[in-house]
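Chemist: 3D model of this:
(2 chains)
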Amino acid sequence: EADIYQTPRYLVIGTGKKITLECSQTMGHDKMYWYQQDPGMELHLIHYSYGVNSTEKGDLSSESTVSRIRTEHFPLTLESARPSHTSQYLCASSDPSRTNNYGYTFGSGTRLTVV
Amino acid sequence: GNSVTQMEGPVTLSEEAFLTINCTYTATGYPSLFWYVQYPGEGLQLLLKATKADDKGSNKGFEATYRKETTSFHLEKGSVQVSDSAVYFCALASGNTPLVFGKGTRLSVIA
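Modeler: Now for the predicted structure:
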């Protein structure tokens, strides 16, 4: 049973549009993460947050931005979508005191296609 | 820095064959190790874990043993099924930094 929710599951939009991918979790986890997954399957960390009002850029440079105003909500925004943004986006969360024992919980992902 | 190297795929096996997916790591200190599985169209699910040397994680017939001497955490299953077709990720947790994932190995099991 998913405790972390991503919407929408699938999205097709035109170039230049602004979009927000939603991620919410009901577990009270302080840590949240966004990954971009390329067709070759590799995961690239693009943003993460260790709590409210805390955001960091990940290993992969991304034109997206994130915000963390509430513990349970970690939306990702693309101001102007381009075909190069076509990818699967995965959100995850973890309890800071339990990450090393229990890892992350992942959402089901949003598959974004920019045409 | 920390890193995870897992065997490249794709791996194609017949049903009931033995599976091994190799994973080795580089880390300072004493990391925790994980295997995640991603079924088509889904996010990642934790398959098994081990938090200290010589621990064996197991779930759904899959096993992996944390070998500190060889810095390895190979995934094994004695008899794979078609339903095991998925992408498998090895991952490492150490300190307060984000998890480090391998590049993933795609497994296809044919009947």
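Chemist: Chain B contacts on chain A?
Modeler: A:6, A:33, A:40-43, A:45, A:48, A:58, A:90, A:92, A:96, A:99-109 (CB under 8 Å from any CB of the partner chain). C-beta here means a position set from N, CA and C on the backbone, and glycine is covered the same way.
Chemist: Identify the residue nearest the geometric centre of chain A.
Modeler: Compute the mean C-alpha point of chain A, and by CA atoms, centre = their mean the closest residue is A:Trp34, 3.1 Å away.
Chemist: tell me the contacts of it?
Modeler: If you count contacts by CB atoms under 8 Å, 6 or more residues apart in numbering or on different chains, A:Trp34 has them with A:23, A:45-48, A:58, A:64, A:66, A:74, A:76, A:89-91.
Chemist: can we see that at 10 Å?
Modeler: A:6, A:21, A:23, A:44-49, A:55, A:58, A:62, A:64, A:66, A:74-76, A:89-92, A:107 (CB atoms under 10 Å, 6 or more residues apart in numbering or on different chains).
Chemist: Looking at the residues you listed, which are in strands?
Modeler: Among the contacts of A:Trp34, DSSP state E puts A:6, A:21, A:23, A:44-49, A:55, A:66, A:76, A:89-92 in strands.
Chemist: picking that back up, give me the nearest residue to the residue nearest to the centre of chain A, chain neighbours excluded.
Modeler: A:His47 (4.5 Å; CB to CB, 6 or more residues apart in numbering or on different chains).
Chemist: Torsion angles phi and psi at the residue lying farthest from the centre of chain A?
Modeler: In chain A, counting by CA atoms, centre = their mean, A:Asn101 sits farthest out from the average C-alpha position, at 22.0 Å. Dihedral pair for A:Asn101: phi -100, psi -30, per degrees, to the nearest 10.
Chemist: Give me the phi and psi angles of the nearest residue to it once chain neighbours are set aside.
Modeler: Using CB to CB, 6+ apart and skipping residues adjacent in sequence, the residue nearest A:Asn101 is B:Thr51, 5.7 Å away. When quoted as degrees, to the nearest 10, the phi and psi of B:Thr51 stand at phi -110, psi -10.
Chemist: isn't B:Thr51 right next to B:Phe73, touching?
Modeler: No: if you go by CB atoms under 10 Å, B:Thr51 and B:Phe73 don't touch, sitting 11.4 Å apart.
Chemist: re earlier: show me the contacts for the residue nearest to A:Asn101.
Modeler: Per CB under 10 Å, 6+ apart, neighbours of B:Thr51: A:Asn100, A:Asn101, A:Tyr102, B:Tyr30, B:Pro31, B:Ser32, B:Leu33, B:Phe34, B:Gly57, B:Tyr66, B:Ala93.
Chemist: Which ones among those residues map onto helices?
Modeler: Residues of the contacts of B:Thr51 located in helices (DSSP state H): A:Asn100, A:Asn101, A:Tyr102.
Chemist: Pairing partners for residue 92 in the sheet, please.
Modeler: Using chain A here. Counting by DSSP bridges, A:Ala92 is bridged to A:Tyr33, A:Phe106.
Chemist: not what I meant, chain B
Modeler: If you apply DSSP bridges, the partners that B:Leu92 bridges to are B:Leu33, B:Val100.
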